[in-house]
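Student: Just to be clear, the model below is a prediction. Sequence and coordinates:
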Amino acid sequence: MLRVLKDSELAQPIAQYCSRPVVHAALPVPSMPREQAILPDDMNIILNQQACPKSSGYCMLENGGGYLTVKSTLPGVTKEMLQWMVAWHGLEPVHYMAINGETHHSSAVSEPDGEKIGRSFLTMEEKSQGISVYTVDLIGGELQDTITYYLSPADQGLSPERYVRSGVVTIGGTVLRQLHSETDPQKKSLNIMVSIVRDREDGVEVQTHLWAGYKLLRRQAKRFDANGIQPTEESLGVLANHIADEWAQIGHVLPELYREVHATA
């Protein structure tokens, strides 16, 4: 377990999940040829399963940015479970730790976003979009502060019509990262990260696409070349394998955690 729980957290039924062993991806994510990378110029490409890489991988791009993709199969998981997880995990730090006590330290949302998530008349899809979640994660042996801006498909740069026709669910948006011990405001990294969730007979398939050194500006992907943390082949590999491990653990714990929280709600 990454940190000691407070007494108020230990009193919650979900505290038991924080100290459970976690699972990891079966195989490491390899590097991939640059020619297989998807460029973020037209985000709608990721809606077309046939146009996406067939396996996980990562590479540097010619302009100094980076790309990675991670494919994961999550038996017993549904699209709504994942949308619920996005809305739920930032409400309390123990929520985030319950998903992965090995790499999740803490989480928070703003008061307005917390109020939005609590509105019973909103769908789970609406609750999981248009919110920002702050987390502290252990990535590559270092604690990192992360702010994830979960956006609607349109704000992710996707065509609403093509999104509806695709039958998928998307999760993600812009991700801002900084080392937990770093105080220099310039030492940040900006990424675009969007996960495509497709139904399977036994659960869902998730394919995460991440463009390192990019941000979304007026629904367009723009290369972000500042005095921040620029991607390297090594950093992409660390991040790709972290994401693969995250999805493996989510697939392992989410069905039971989802039932537990709803049973005690």
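Tutor: Received it, and whenever you're ready, just let me know what you need. Numbers count the residues shown, from 1 in each chain.
Student: What segments of the stretch 51-200 of the chain are helices?
Tutor: Using DSSP state H, counting those that start in this stretch, the helices found in the stretch 51-200 of the chain span residues 79-88, 93-99, 111-117, 124-127, 160-166.
Student: Can you say which of those helices is packed in most?
Tutor: helix 93-99 (a mean of 24; mean count of other C-beta atoms under 10 Å). Bear in mind the C-beta positions are built from the backbone N, C-alpha and C, glycine included.
Student: other SSEs contacting that helix?
Tutor: helix 7-10, helix 15-18, strand 104-109, helix 233-264 (3 or more C-beta pairs under 8 Å, 6 or more residues apart in numbering; DSSP states H and E).
Student: For residue 88, give its distance to residue 10.
Tutor: 19 Å (C-beta to C-beta, to the nearest Å).
Student: Same question for residue 163.
Tutor: Plainly put, residue 163 is 42 Å away from residue 10 if you go by C-beta to C-beta.
Student: just the strands in the stretch 51-200 of the chain please.
Tutor: 57-60, 66-75, 104-109, 131-139, 142-150, 169-179, 189-200 (DSSP state E, counting those that start in this stretch).
Student: Buried residues in the last one, which are they?
Tutor: The one in question is strand 189-200. Along strand 189-200, these residues count as buried under the neighbour rule (16 or more other C-beta atoms under 10 Å): 189-197.
Student: export the helices and strands packed on helix 93-99 to JSON lines and tack on distance to residue 211 and mean neighbour count?
Tutor: Converted to JSON lines, the helices and strands packed on helix 93-99 look like this (distance: least, C-beta to C-beta, whole Å; neighbours: other C-beta atoms under 10 Å):
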{"stretch": "helix 7-10", "distance to residue 211": "35", "mean neighbour count": "12"}
{"stretch": "helix 15-18", "distance to residue 211": "32", "mean neighbour count": "18"}
{"stretch": "strand 104-109", "distance to residue 211": "24", "mean neighbour count": "20"}
{"stretch": "helix 233-264", "distance to residue 211": "11", "mean neighbour count": "18"}
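Student: And for residue 90, the neighbour number?
Tutor: Neighbourhood size, residue 90 [other C-beta atoms under 10 Å]: 24.
Student: Let's have the helices of the stretch 51-200 of the chain in JSON lines, adding distance to residue 62 and mean pLDDT.
Tutor: Supplementary listing: the helices of the stretch 51-200 of the chain in JSON lines, determined by distance: least, C-beta to C-beta, whole Å; pLDDT from 0 to 100:
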{"stretch": "helix 79-88", "distance to residue 62": "33", "mean pLDDT": "97"}
{"stretch": "helix 93-99", "distance to residue 62": "36", "mean pLDDT": "98"}
{"stretch": "helix 111-117", "distance to residue 62": "37", "mean pLDDT": "97"}
{"stretch": "helix 124-127", "distance to residue 62": "36", "mean pLDDT": "96"}
{"stretch": "helix 160-166", "distance to residue 62": "27", "mean pLDDT": "94"}
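Student: Nearest to residue 21, out of those?
Tutor: Closest approach to residue 21 among the helices of the stretch 51-200 of the chain is made by helix 93-99 (13.6 Å; C-beta to C-beta).
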